[in-house]
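[1] let's see this in three dimensions:
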Amino acid sequence: MPRQFPPEFRQRALRMLEEALPEHETEYAAIRHVGSKLGVGPETLRKWRRRSEIDSGARPGVTSEEAAEIKRLKREVAELRRANEILRAASAFFAAELDRPTTR
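    Model prediction:
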């Protein structure tokens, strides 16, 4: 299971990466250097950087807030679909009860 890092740690890692970028030939070299100092995998640090760039608007993509809203709305839609299915089944059941002839 992946480790969860606190937001403060992520921000510190990204600051360190920004400071290390001019000292290295490539972005990946800087990512590997900072990642090894902090005990974070290079891919994890790269993803944090990309997410940060998207959230700041420097890179196109879906921001964290938008992704959270989409996830919440998908959950809500699924819940509403389940509720509609239950209501449809109940409606069919009670309609069948009304159509049934009574013997009194």
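[2] if I look at Gln4, how far off is Glu69?
    Gln4 sits 22 Å away from Glu69, going by C-beta to C-beta, to the nearest Å. Placement of C-beta: from N, CA and C, glycine included.
[3] between those two, tell me which one has more neighbours.
    Neighbours were counted for Gln4 and for Glu69 using other C-beta atoms under 10 Å; Glu69 has more, 12 against 6.
[4] element containing that one?
    helix 64-99 (DSSP states H and E).
[5] give me the phi and psi for Gly39.
    Backbone torsions of Gly39, given as degrees, to the nearest 10, read phi 80, psi 30.
[6] Phe5 versus that one, what's the distance?
    According to C-beta to C-beta, Gly39 stands 10 Å off from Phe5.
[7] and those two? Which one has more around it.
    Just comparing Gly39 and Phe5: by other C-beta under 10 Å the higher neighbour count belongs to Phe5, 15 against 8.
[8] identify the residue spatially nearest to the more buried one, adjacent ones excluded.
    Closest residue to Phe5 apart from its sequence neighbours, by C-beta to C-beta, 6 or more residues apart in numbering: Val40 at 7.4 Å.
[9] wait, the one you found touches Ala13, no?
    Yes - the pair Val40 / Ala13 is scored as a contact, 6.2 Å apart, by C-beta atoms under 8 Å.
[10] mind listing the shared neighbours of the two?
    Residues touching both Val40 and Ala13 (C-beta atoms under 8 Å, 6 or more residues apart in numbering): 5, 34.
[11] so between the two, which is more surrounded?
    Ala13 (21 against 18).
[12] tell me the phi and psi of that one?
    Dihedral pair for Ala13: phi -60, psi -40, per degrees, to the nearest 10.
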